[in-house]
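> the following comprises the amino acid sequence and a computationally predicted model.
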Amino acid sequence: MTNHMITARGLTKTFRSKGQTVEAVRSVDLSVGEGELVAFLGPNGAGKSTTLRMLTTLLPPTSGEATVAGCDIRRDPAGVRRRIGYVGQGNSGGHTQRVRDELHAQGAFYGIGRRETRARAAELIESLELGQVANRPVQQLSGGQKRRLDIALGLIHRPELLFLDEPSTGLDPHSRANLWEHIVDLRRATGTTIFLTTHYLDEADQLAERVMVMDHGAVIADDTAWALKESLAGDLVTLSFDSATDAAAAAARIGGEVHGADARVVTVTAPGGDRALPRYIRSLSDAGLDVVAATHRQPTLDDVFLALTGRSLREEAAHAGPPEAEPADATNATDSAQPVAV
Ligand SMILES: Nc1ncnc2c1ncn2[C@@H]1O[C@H](COP(=O)(O)OP(=O)(O)OP(=O)(O)O)[C@@H](O)[C@H]1O
């Protein structure tokens with residue numbers, strides 16, 4: 001890894017409310033290199049946003065330390081804020097101001113000169129494809145356009161590092177894909193380091209260069225999606241049998257687990273499942289056990305999470321309910337795409 005854009009050691013946040021203590025973030029160590037695109041993944045309440053809010057100086061840590069874009073979050077929060085962009089879970093909706101004016105106001109907030117702000121706003125309007133709506137009031141934009149505006153607002157001062165808290169939550173699949181294209185293009189063009197949280201396993205898998213998995217306030221995995229899948233899960237081989245007796249005998253022979261309502265399905269995790277599958281079939285046939293159907297599939301990040309925690313992230317997300325059609329309004333002014341007063 002080259003220079004570090006983020007390093008955190010023992011970062012901890014404990015909330016106390018109504019006599020209860022919540023250990024939201026427990027002694028997190030992490031490092032992000034210059035130019036990386038890192039996804040922070042985990043179920044609801046895992047502590048992702050709290051970590052982001054500490055790194056962006058919106059929340060003081062209970063203990064631990066972190067350096068962000070070369071500045072210490074405790075000793076030089078203003079320095080951190082000058083160098084980073086932060087797009088929270090709130091959105092830019094509800095504003096009667098026009099898109100272009102919103103960007104100009106943001107530039108003025110950062111103390112950027114008028115001419116430079118206008119040029120920068122025009123550049124961002126172009127790169128984030130906001131040209132057609134640049135003169136419309138923000139409240140008239142679609143969810144995807146609003147998120148792109150949020151990102152433009154977060155980038156007006158050319159930050160070295162951009163934090164995005166669930167940038168695609170609430171968007172339909174098409175808008176999500178479009179937003180991601182913009183994020184990836186931007187990163188390619190500017191080399192900006194991007195650290196984002198997401199609930200979408202497929203997004204993290206396909207687009208992030210590194211995935212950090214968080215659960216119960218701790219980072220439980222940190223690697224490329226490929227390495228995580230390769231090392232933790234292996235390929236998932238599924239074999240079906242005519243009877244539960246055969247399935248049980250097969251499971252015992254190959255070290256698999258019996259599944260299914262009628263206990264006739266065996267799954268086993270094997271590196272290189274495409275090559276392992278014929279071997280299993282041959283070995284079971286030698287033992288007089290006929291496989292009636294067989295599949296193998298590459299593991300997903302959900303399999304990784306399952307292997308690490310015994311729980312499925314996908315199921316937890318489903319229990320948490322579908323995302324809102326539009327992201328909720330910011331409950332806290334500092335959570336919106338607006339910059340924090342420095
Ligand atoms: N201001 C607060 N006061 C008390 N508890 C809090 C506060 N903010 C967060 N928490 C708690 O800290 C834990 C971590 O919350 P956090 O928002 O960081 O999780 P998350 O991983 O970002 O979840 P989500 O994916 O739902 O946004 C949760 O149990 C949450 O209820």
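Done, it's in. Residues are numbered from 1 along each chain as shown.

> just give the number of residues close to Glu36.
By other Cβ atoms under 10 Å, 20 other residues sit near Glu36. For the C-beta atoms, the positions are set from N, CA and C on the backbone; glycine is no exception.

> ok, it to the ligand distance?
Using Cβ to the nearest ligand atom, to the nearest Å, we find Glu36 at a distance of 20 Å from the ligand.

> let's see the pLDDT reported for that residue.
What the model reports as pLDDT for Glu36 is 93.

> so it sits against Thr192, correct?
No - using Cβ atoms under 8 Å, Glu36 makes no contact with Thr192, being 10.2 Å away.

> any regions of the stretch 51-200 of the chain where pLDDT drops low?
90-94 (pLDDT under 70).

> would you mind measuring from the residue in the chain sticking out farthest from the centre to Ala249?
Residue farthest from the centre of the chain, counting by Cα atoms, centre = their mean, is Gly288 at 47.0 Å. For Gly288, the distance to Ala249 equals 9 Å [Cβ to Cβ, to the nearest Å].

> with Ala121 instead?
Applying Cβ to Cβ to Ala121 and Ala249 gives a distance of 69 Å.

> what's the answer for Leu308, then?
30 Å.

> ok, Pro159 next?
Pro159 is 60 Å from Ala249, where distance means Cβ to Cβ.

> what about the two, which has more around it?
A count of neighbours by other Cβ under 10 Å puts Pro159 above the other of Pro159 and Ala249, at 21 against 17.

> am I right that that one is in a helix?
No - according to DSSP: H, G, I helix; E, B strand; the rest coil, Pro159 belongs to no helix; its state is coil.

> test my guess that it contacts Arg83.
Yes - taking contacts as Cβ under 8 Å, Pro159 lies within contact range of Arg83: 5.9 Å.

> so what sits against both of these two?
Shared contacts of Pro159 and Arg83, defined by Cβ atoms under 8 Å, 6 or more residues apart in numbering, comprise Ala69.

> what's the neighbour count on Gly33?
16.

> which outside residues touch the helix of greatest length in the chain?
The longest helix of the chain (DSSP state H) is helix 173-190. By Cβ under 8 Å, 6+ apart, the residues outside helix 173-190 that reach it are 35, 37, 127-129, 142-144, 147-148, 151, 155, 158, 164, 167-168, 171, 192, 194, 196, 200, 203, 207.

> and the next helix or strand along the chain from that helix, what does it pack onto?
Later in the chain than helix 173-190, the nearest helix or strand by DSSP states H and E is strand 193-198. For strand 193-198, the packing partners by 3 or more Cβ pairs under 8 Å, 6 or more residues apart in numbering; DSSP states H and E come out as strand 4-17, strand 20-33, strand 37-41, helix 48-55, strand 161-165, helix 173-190.

> phi and psi next, for Ala152.
Per-residue torsions, Ala152: phi -60, psi -40 (degrees, to the nearest 10).

> the one 3 residues further on now?
Dihedral angles of Leu155 (phi, psi; degrees, to the nearest 10) stand at phi -110, psi 0.

> could you measure from it over to Phe241?
56 Å.

> would you mind listing what in this protein touches the ligand?
Selection of the chain residues close to the ligand by Cβ under 6 Å from any ligand atom yields Phe15, Ser17, Val22, Ala24, Gly42, Asn44, Gly45, Ala46, Gly47, Lys48, Ser49, Thr50.
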